[in-house]
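Chemist: build the 3D model from these lines:
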Amino acid sequence: MNIWQEGTQSKLYSYLFFGSALVISGSVNADIVCGGTITTPEVLTGNFSCDAGVEITGPTGSLNLNGFTFDCVGGTGVILEGTGAVLSGGASGGTLDECSTGVIATGSGGHTITGITLSDVTGDGVFFDSDNNTLSGSLINVPFGGIGVFIRGSNSTVIDNEIVSSDGFADTGIFLDLGADNSTMISNRIAGFNSYGMEICSDGNFIAQNTVELTGFINPIPGTSVGISLAKFAIPICFFFDTDSQFGNVIVGNMATDNNSTDLEDTNPLPCLNTWFGNTADNIEGACIDQ
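Modeler: Next up, the predicted model:
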């Protein structure tokens with residue numbers, strides 16, 4: 001490893017201010033059962049280990065990790081069902097560790113995830129498979145897996161999170177799939193993914209004040225390694241299902257630097273149907289991007 005690579009990797013690791021979670025024995029709330037369903041407000045009172053996941057059903061169900069660690073033992077962590085379920089880390093912040101998928105927000109949506117740490121996720125960190133969900137104030141580490149935050153539902157909010165791939169082998173930081181329209185991504189730091197920092201396939205989204213960097217430096221993927229991409233016609237997963245241009249996206253005040261290939265990308269054809277302004281980048285692709 002040369003000095004440049006070593007410095008880049010060191011910069012990436014500096015974002016990981018947490019250590020590996022230590023799972024120790026301790027009593028937990030008797031109403032929190034491995035593979036069970038939570039329908040009332042519950043609080044962890046000790047570290048918890050479960051390979052079958054826990055379902056929280058709203059609007060009455062919630063789980064406060066209370067600063068403790070939920071060890072997934074390689075399985076799914078938490079499934080949010082119904083309407084308005086809540087998962088929080090508590091005042092000290094709580095951890096979901098070693099999950100295949102950390103949190104799945106499904107059902108009718110309107111769920112809230114706040115103040116948690118997802119460490120050593122091997123698949124996707126958070127998967128929004130319903131509408132009107134919110135992720136805030138959390139740290140998502142996907143070292144080897146797929147996607148930090150996978151958004152399929154509309155009107156999603158992802159704000160003030162740290163989303164990283166510590167080993168640089170995960171695919172994408174935030175992916176807005178077809179149908180993830182009218183969503184808001186603000187003040188997130190995304191670093192170290194190998195393909196895209198943020199990949200946007202949908203319409204009408206507001207993307208502001210995010211920092212996206214170090215994409216593709218440890219494990220570059222040819223033709224990608226892009227910071228923020230609004231590139232439906234260059235992404236087969238978007239193109240195959242919807243051949244129309246994207247429209248109504250506003251990408252403003254973001255900082256995308258130190259990405260291996262391109263910092264900002266918009267390959268939709270003219271006329272410009274999306275708005276770019278006030279962004280900071282070194283390398284751009286697309287006539288519609290105005291820094």
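
Chemist: list the contacts of residue 274.
Modeler: 230, 246, 247, 248, 249, 250, 251, 266, 268, 288 (C-beta atoms under 8 Å, 6 or more residues apart in numbering). Yep, even glycine has a C-beta here, placed from its N, CA and C like the rest.

Chemist: please repeat the previous calculation with a cut-off of 7 Å.
Modeler: Contact partners of residue 274, counting by C-beta atoms under 7 Å, 6 or more residues apart in numbering, are 230, 246, 247, 248, 249, 266, 268, 288.

Chemist: so what pLDDT did it get?
Modeler: pLDDT, residue 274: 96.

Chemist: now do the contacts for the closest residue to residue 64 other than its chain neighbours.
Modeler: Once flanking residues are discounted, residue 64 sits nearest to residue 43: 4.4 Å by C-beta to C-beta, 6 or more residues apart in numbering. Contacts of residue 43 were listed using C-beta under 7 Å, 6+ apart, and they are 29, 64, 66.

Chemist: follow-up on the earlier one: who wins for most neighbours among the contacts of residue 274?
Modeler: Scoring those on neighbours with other C-beta atoms under 10 Å, the highest-scoring entry is residue 230 at 28 neighbours.

Chemist: my guess is that residue meets residue 249, correct?
Modeler: Yes: with contact defined as C-beta atoms under 7 Å, residue 230 reaches residue 249; the gap is 6.0 Å.

Chemist: need the helices for the stretch 101-250 of the chain, in chain order.
Modeler: 236-239 (DSSP state H, counting those that start in this stretch).

Chemist: so where's this structure uncertain?
Modeler: For the chain, the stretches flagged by pLDDT under 70 are 1-28, 30, 219-223, 233-237, 239-243, 291.

Chemist: apply 50 and report the result again.
Modeler: For the chain, the stretches flagged by pLDDT under 50 are 1-27.
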